[in-house]
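Q: Give me coordinates for this.
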Amino acid sequence: MTQVFPFAAIVGQEDMKLALLLVATDRKIGGVMVFGDRGTGKSTAARALASLLPPMEIVKGCRFNCDPKASADACANMCEIRSHDTRPLTEAVSIPVVDLPLGATEDRVVGALDLERALTRGEKGFEPGLLARAHRGFLYIDEVNLLEDHLVDLLLDVATSGENIVEREGLSVRHPAKFVLVGSGNPEEGELRPQLLDRFGLSVDVRTPSKLTDRVEILRRCDAFERNPKEFNAYWLPRNQEVSDQIAAARERLGSIDVTDDSLETMSKLCIAMGADGLRGELTLMRASRAAAALSGDAVVGADHIRRVAGMALRHRLRRNPLDQSGSDARIERAVAEVLGA
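A: Numbering: from 1, shown residues only. Modelled structure (predicted):
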């Protein structure tokens, strides 16, 4: 089994780690886009997320991660096991974090005709793709800003509908594909299409650490992991488990978190002050603030929670103002100070 660098051992990059914890707490936030320099831990953090997530229950042997508690229709009648057994066996599996490589073909992403079945038995069959594997989990795309346009269009359709539709050689298949999208990229290598960027609930910028002590500690931990990854993971297991327990507890209390009218009014004022496009920013800000309160163990969303997540929820939704030459971070800080105080 491949050893993955533990989430708890990542030095710094607090905004990126918080954003991932928020979407792990509440999937409705809508995913995370991480922009930043090469070698700043973007891929490491995204892949380390899997070890923090509690297992999920699926129909045993289902290729679509079918939820046994959902109706058969929810699996779009694609689960061959449920179509033959109304009370199938179940099993607990790790929540999938699926990598979508840049060079992936469309067939590999959406699925394709099962040629072996067609040739040997003369039957039309479907071979699920990466979207089927990512259902009820996370889909991670490194260098998402370099993704081919036709795959971007495809992901937009699936992310909007929560369903993957494949039509090949007279075969028409549909299956649920609901996943949290996590992307990373270096803005110097190309911009991300606005339509896809808007589908990410949160956006964070990561930078190369400037503190000497942080850089030395990163070197020390990376070297220890490379020398003996099994021992390194064992050392960090208790800390990783603490983070996992924090997510599980936050999920439990999420539904009871109170978002007062005053907090909702503050969020709307903040979006107006920043000139955020549409209302998706306010919805994301509300969900992210509630998840932040749940992670902190608080019962009510307050100004501190809103302040903490405002940048990541709204940074990529600011309307461009040609007369304002300040960056998005400066505009956000100005708006937060104006609405919430210094």
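Q: where do the strands sit along the stretch 151-300 of the chain?
A: 163-168, 171-176, 180-185, 202-206 (DSSP state E, counting those that start in this stretch).
Q: low-scoring stretches of the stretch 151-300 of the chain, by residue?
A: Scanning the stretch 151-300 of the chain for pLDDT under 70 picks out 168-171.
Q: all helices of it, in order?
A: For the stretch 151-300 of the chain, the helices defined by DSSP state H, counting those that start in this stretch occupy 194-197, 212-227, 229-253, 261-274, 280-296.
Q: In terms of secondary structure, what does the fourth one contact?
A: Here helix 261-274 touches helix 280-296, helix 303-314, helix 328-340, going by 3 or more CB pairs under 8 Å, 6 or more residues apart in numbering; DSSP states H and E. For glycine as for every other residue, the C-beta is placed from the backbone atoms N, C-alpha and C.
Q: For Q241, which of those helices is the nearest?
A: Among the helices and strands packed on helix 261-274, helix 280-296 comes nearest to Q241, with 15.7 Å by CB to CB.
Q: Got the domain ranges for this structure?
A: Here the domain parsing of the chain from automatic domain parsing is 7-53+94-206, 256-340.
Q: could you dump those to TSV with mean neighbour count?
A: As requested, the domains of the chain are arranged in TSV below (neighbours: other CB atoms under 10 Å):
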stretch	mean neighbour count
domain 7-53+94-206	19
domain 256-340	18
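Q: Could you dump those domains into JSON lines and include distance to E226?
A: Converted to JSON lines, the domains of the chain look like this (distance: least, CB to CB, whole Å):
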{"stretch": "domain 7-53+94-206", "distance to E226": "13"}
{"stretch": "domain 256-340", "distance to E226": "31"}
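Q: Looking at the ones you listed, spot the one closest to P68.
A: Smallest distance to P68 across the domains of the chain (CB to CB): 11.7 Å, for domain 7-53+94-206.
Q: First residue to last residue on that closest one, what's the distance there?
A: 16 Å (CA to CA, to the nearest Å).
Q: shaky segments in the stretch 1-150 of the chain?
A: For the stretch 1-150 of the chain, the stretches with pLDDT under 70 are 1-2, 70-86, 88, 114-125.
Q: What are the boundaries of the strands in it?
A: Secondary structure of the stretch 1-150 of the chain, counting by DSSP E, counting those that start in this stretch: strands at 32-36, 56-59, 90-93, 97-99, 111-113, 126-128, 138-142.
Q: picking that back up, closest one to P6 among the helices of the stretch 151-300 of the chain?
A: In terms of CB to CB, the element of these nearest to P6 is helix 229-253, at 4.1 Å.
Q: for the closest one, which positions count as buried?
A: Buried residues in helix 229-253, counted by 16 or more other CB atoms under 10 Å: F232, N233, W236, N240, V243, S244, Q246, I247, A250, R251, R253.
Q: circling back to that earlier point, what's the closest of the strands of the stretch 1-150 of the chain to R207?
A: Nearest to R207 among the strands of the stretch 1-150 of the chain is strand 32-36 (6.2 Å), distances taken as CB to CB.
Q: And the contacts of the closest one?
A: For strand 32-36, contacts defined as CB atoms under 8 Å, 6 or more residues apart in numbering pick out 16, 19-20, 23, 42, 45-46, 144, 180-187, 192, 197, 200-207, 316.
Q: so how far is that strand from its chain's centroid?
A: Counting by CA atoms, centre = their mean, to the nearest Å, strand 32-36 is centred 10 Å from the centre of its parent chain.
Q: do stretch 33-46 as well
A: When C-alpha coordinates are averaged (CA atoms, centre = their mean), stretch 33-46 and its chain have centres 13 Å apart.
Q: How about stretch 253-264?
A: For stretch 253-264, the distance to the chain centre is 23 Å (CA atoms, centre = their mean).
Q: again with stretch 256-270
A: 24 Å.
Q: before we move on, the earlier item: quick one: which of the helices and strands packed on helix 261-274 is nearest G103?
A: Nearest of the helices and strands packed on helix 261-274 (CB to CB): helix 303-314, 29.6 Å.
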